[in-house]
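Visitor: what would the 3D arrangement of this be:
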Amino acid sequence: AVLCTSLALISLLGTVTCKLTVSKHDLTLTLNEKETFDLEISNTSETNAVLQFVIQHEDIVNISTQSVDLSGLTNVSIPIDVEAIGAGHSQVYANISNSSINVDDVYLRVTVHKIPGLDTFSLVIGWLYFVAWSISFYPQIYINWRRKSVVGLNFDFIVLNIIGFTLYGIFNLGLYCIPEIEDEYFNRYPRGLNPVQNKTISCS
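Guide: From the prediction side, this is the model:
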C-alpha cells in the first residue's frame, strides 16, 4: 500500500499542469492586412516546454512569433500578429515539446480575401438569386388555383426536382457543417474559399 501511494504521489508531482488557448479561432483578413490574436497561458507549473506554431500554407499567412518558451510563464497573454500575404484559406496550429500538455485549443483558421467588397457583392447577388428563384414558383401556384386545375403538371418532373434538391441540400450541409468534409475541400483547393455560405444553406 505504501509503495502504491508513493508511486501515485510521484506521478502527480511529475504531471505538468498547463492550460493553453487562443483569444480567437477565426480571422477574416484582406490581402496585406494585419491582425492580432493572443496566446493565453494559465495554470502553468514549472516546465521547460517549447510551443511551436505550424502554418498550413506559408504563402497565405505569416505570424510574428514562431515559437514560445513556456519556462517561467504563468497567467500571461502573448500578442501575436497575423499578416495576410496571399488569398485563400490557411490554418495555424501548434506542436509542443512536452506531450503531457494539451494544445488542442491552440489553433487559428484564417481566411484571406483580395477584395472585401467583392465578397459583399457576391453575398447580395446570392440573396437576390434566392429570392427571385423562390418567387418564380408562386405565379404558377396562383394560376393553378385560379383555374382550379393542375392539368399539365408532370409528376416525373416533380420527382426529379425532389431528388435533385435533396442531394443538393445534403452536399451543401456537408460542406458547410461537417469540418472533416470542409478540411478535405481545403486540402484539394488550399487557395480557395468555402463556396457554401449562409445564403446557400437557405436556398437548400
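Visitor: which stretches of this protein form strands?
Guide: Using DSSP state E, the strands of the chain run over 19-22, 26-30, 34-42, 50-55, 61-63, 67-69, 76-84, 88-96, 107-113.
Visitor: got the domain boundaries for this protein?
Guide: Segmentation of the chain into domains, based on automatic domain parsing, reads 16-113, 116-203.
Visitor: rank these by pLDDT, which is bottom?
Guide: When the domains of the chain are ranked by mean pLDDT, domain 116-203 comes last with a mean of 80.
Visitor: which residues touch residue 48?
Guide: Counting by C-beta atoms under 8 Å, 6 or more residues apart in numbering, residue 48 touches 69-71, 97-98. C-beta here means a position set from N, CA and C on the backbone, and glycine is covered the same way.
Visitor: repeat the analysis, applying 10 Å as the threshold.
Guide: Neighbouring residues of residue 48 by C-beta atoms under 10 Å, 6 or more residues apart in numbering: 16, 69-72, 97-98.
Visitor: got it, and residue 182?
Guide: 89, 109, 174-176, 194, 196 are the contacts of residue 182 under C-beta under 10 Å, 6+ apart.
Visitor: most neighbours among these, which one?
Guide: residue 89 (21 neighbours; other C-beta atoms under 10 Å).
Visitor: am I right that it is in contact with residue 108?
Guide: No: with contacts counted by C-beta atoms under 10 Å, residue 89 stays clear of residue 108, the gap being 11.5 Å.
Visitor: hmm, back to that, closest one to residue 27 out of the contacts of residue 48, please.
Guide: Nearest to residue 27 among the contacts of residue 48, counting by C-beta to C-beta, is residue 70 at 23.7 Å.
Visitor: name the nearest residue to that closest one, sequence neighbours excluded.
Guide: Nearest residue to residue 70 in three dimensions, chain neighbours excluded: residue 49, at 4.8 Å (C-beta to C-beta, 6 or more residues apart in numbering).
Visitor: and the one you found, how far from residue 32?
Guide: 34 Å (C-beta to C-beta, to the nearest Å).
Visitor: okay, the two: which has more neighbours?
Guide: The neighbour count for residue 49 versus residue 32, taken as other C-beta under 10 Å, is higher for residue 49 (20 against 11).
Visitor: that one: what's it in contact with?
Guide: Applying C-beta under 10 Å, 6+ apart, we find residue 49 in contact with 16, 18, 20, 68-71, 73, 96-101, 103.
Visitor: still on that earlier bit, pick the most buried one from the domains of the chain.
Guide: Stretch with highest mean neighbour count among the domains of the chain: domain 16-113 (a mean of 16; mean count of other C-beta atoms under 10 Å).
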